[in-house]
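Student: Here's my sequence, what's the structure:
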Amino acid sequence: MKRDILRCLITSMILFSCVSLLSAEPEKVLPKGMTPAKLEKSVNRQLKYIDKRLLSGKGAKEINSSGNENAIAILKESKAARDKIAEQISKGEFEDSYWALKDLGNSLRAAMKMVRAKGTTAKKTKDELESAQIASDAYTERARQRGVHDGSGGSDAQSLFKRAEQKRAEAQQLKAAKDYKVATVAFLKSSELLKKAIATSKQQGYSSSAVNSTVEEKRTLPKGMTPEKLQKSVIRQHKYITTRLLSEKSEQKIKDSQNSKAMQIFERGQARANSISSKIDNQQYEKAYWALRDLAASMKEAMKLARSKERKDKQYQDEMESAHAISDAYHERAKQKGIQDGSGGRAALGLFKRANTERTDAEDSRANKDYKCAIKAYQLSAEFLKKSIAIKRKWRGEEKE
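Tutor: Numbering: from 1, shown residues only. Now for the predicted structure:
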């Protein structure tokens, strides 16, 4: 019985000692080669650094002016802790002072991080504002090149341009008032309005509807159309259709479009032209007159269908020009900051070079009329340049510190 009790007591003591060893704070060891003389020198140097950089000067001013209560509280507590450490140093307690100064430095750096978090957010907001302004400037320039501002793209496009200009003016006022978030939104809105204005101006000249009569009805010749005038009009119309609308050039254009409906209309038109020629030979001028009118409308519809591909290519071309303008704007901005010379660091220079590669690819695609690939390449180059500019700013900030 006594042996059992003794065994339990010994086991309990071992367990308690293990728990105490696990929960105890590990003993701090000074760096290898830290002699008493080096330790004293290190402690004095650390205290001087904390006094000069973290507890006074720019760092302390930054914390006090930040309005961050937690950071300000840490600064006040740190000043009291600093006085205690100075007392320990005067007593020759250098090892305790060494570790206390390490902890104090970490606390003050944590306070600085709290303060700079707000500054980082503000910097990011400014960067977003600058990007939005660059895009808006590029779209404005593109719209002016198309004459949207003076009504060349139609009244609707001009109205959108004016609204965009109002938004840009509003954005500039907000930027001056340092309301960067709202200014960014205003610049983005102006870009959207300018995009719509450019798209609206492109649509001018493509809104005419096709005339295609499928129902046979009694139609009246124009007033004053004498038999002689009718014959002359029919011959002139027939010549125009056969030499222009049914020409080899028109046929090739329709074939190149690969639009099956346009090709069918063209083939039917050729057959109808032969039928009309027979009517003219038989002096059926009135029937030939109306048949030629219908044939001309059909052929114009075929050409319109064929040109839809051209319009699509033109749309891609316009989008490519916009992407090119934005890429050029970012490229110029990056060069102004000296990124191409490596002044923004390796990462920024690497992105700048990648952007140049994409811009070269875009030019090659553009030369080959592969506008889709050119658009993607220009957009990608703009993204690389945007990132390189942001890295340059960050790198410059770190260099100052």
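
Student: low-scoring stretches of the chain, by residue?
Tutor: 1-27, 57, 66, 118-119, 203-218, 309-310, 395-401 (pLDDT under 70).

Student: Break the chain down into its domains, please.
Tutor: As assigned by automatic domain parsing, the chain contains the domains 33-118, 227-307.

Student: of all those domains, which lies closest to residue 344?
Tutor: Nearest of the domains of the chain to residue 344, taken as CB to CB: domain 33-118 at 20.6 Å. All C-beta atoms are positioned from the backbone trio N, CA, C, and that covers glycine.

Student: The chain: helices as residue ranges?
Tutor: For the chain, the helices defined by DSSP state H cover 2-23, 36-49, 57-66, 69-90, 94-145, 155-176, 180-203, 227-240, 248-257, 260-281, 285-336, 346-367, 371-400.

Student: Same list (those helices) but as TSV, adding mean neighbour count and distance to residue 219.
Tutor: Formatted as TSV, the helices of the chain follow (neighbours: other CB atoms under 10 Å; distance: least, CB to CB, whole Å):
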stretch	mean neighbour count	distance to residue 219
helix 2-23	9	106
helix 36-49	14	99
helix 57-66	15	84
helix 69-90	15	88
helix 94-145	18	45
helix 155-176	18	36
helix 180-203	20	32
helix 227-240	14	13
helix 248-257	14	27
helix 260-281	15	15
helix 285-336	18	6
helix 346-367	18	50
helix 371-400	19	45
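
Student: Same list (the domains of the chain) but as a markdown table, adding distance to residue 221.
Tutor: Below are the domains of the chain laid out as a markdown table (distance: least, CB to CB, whole Å):
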| stretch | distance to residue 221 |
| --- | --- |
| domain 33-118 | 82 |
| domain 227-307 | 7 |
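
Student: And the ones you listed: which comes nearest residue 352?
Tutor: domain 33-118 (27.1 Å).

Student: centre of the chain versus the closest one, how much separation?
Tutor: 44 Å (CA atoms, centre = their mean, to the nearest Å).

Student: thinking again about what came up before, nearest to residue 29, out of the helices of the chain?
Tutor: From these, taking CB to CB, the stretch that ends up closest is helix 94-145, at 10.3 Å.

Student: for the domains of the chain, which one sits closest to residue 385?
Tutor: Once the domains of the chain are compared by CB to CB, domain 33-118 is nearest, at 26.3 Å.

Student: Can you lay out the helices of the chain as JSON lines showing distance to residue 30?
Tutor: Putting those into JSON lines (distance: least, CB to CB, whole Å) gives the following:
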{"stretch": "helix 2-23", "distance to residue 30": "22"}
{"stretch": "helix 36-49", "distance to residue 30": "7"}
{"stretch": "helix 57-66", "distance to residue 30": "27"}
{"stretch": "helix 69-90", "distance to residue 30": "15"}
{"stretch": "helix 94-145", "distance to residue 30": "7"}
{"stretch": "helix 155-176", "distance to residue 30": "54"}
{"stretch": "helix 180-203", "distance to residue 30": "48"}
{"stretch": "helix 227-240", "distance to residue 30": "102"}
{"stretch": "helix 248-257", "distance to residue 30": "83"}
{"stretch": "helix 260-281", "distance to residue 30": "86"}
{"stretch": "helix 285-336", "distance to residue 30": "48"}
{"stretch": "helix 346-367", "distance to residue 30": "37"}
{"stretch": "helix 371-400", "distance to residue 30": "30"}
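
Student: returning to what we had before: nearest to residue 146 among the domains of the chain would be which one?
Tutor: domain 227-307 (19.4 Å).

Student: Which one of the helices of the chain lies nearest to residue 220?
Tutor: Closest among the helices of the chain, once you apply CB to CB, is helix 285-336, at 10.2 Å.

Student: so that closest one versus helix 346-367, what angle?
Tutor: Counting by axes from the mean of the first three to the mean of the last three CA atoms, to 10 degrees, helix 285-336 lies at 160 degrees to helix 346-367.

Student: Share the number of residues neighbouring residue 92, please.
Tutor: 10 (other CB atoms under 10 Å).

Student: Against residue 316, how distant is it?
Tutor: Distance, residue 92 to residue 316, by CB to CB, to the nearest Å: 79 Å.

Student: cool, and residue 380?
Tutor: In terms of CB to CB, residue 380 sits 16 Å off from residue 316.

Student: Ok, residue 360 next?
Tutor: 20 Å.

Student: Could you do residue 80 as well?
Tutor: Relative to residue 316, and taking CB to CB, residue 80 is found at 68 Å.

Student: ditto for residue 36
Tutor: 76 Å.

Student: Run the chain-centre distance for stretch 102-122.
Tutor: So, by CA atoms, centre = their mean, the centroid of stretch 102-122 is 32 Å from its chain's centroid.

Student: hmm, who's touching that stretch?
Tutor: Stretch 102-122 has contacts (CB atoms under 8 Å, 6 or more residues apart in numbering) with 46, 49-50, 54-55, 59, 62-63, 66, 68, 70-71, 74-75, 77-78, 81-82, 85, 180.
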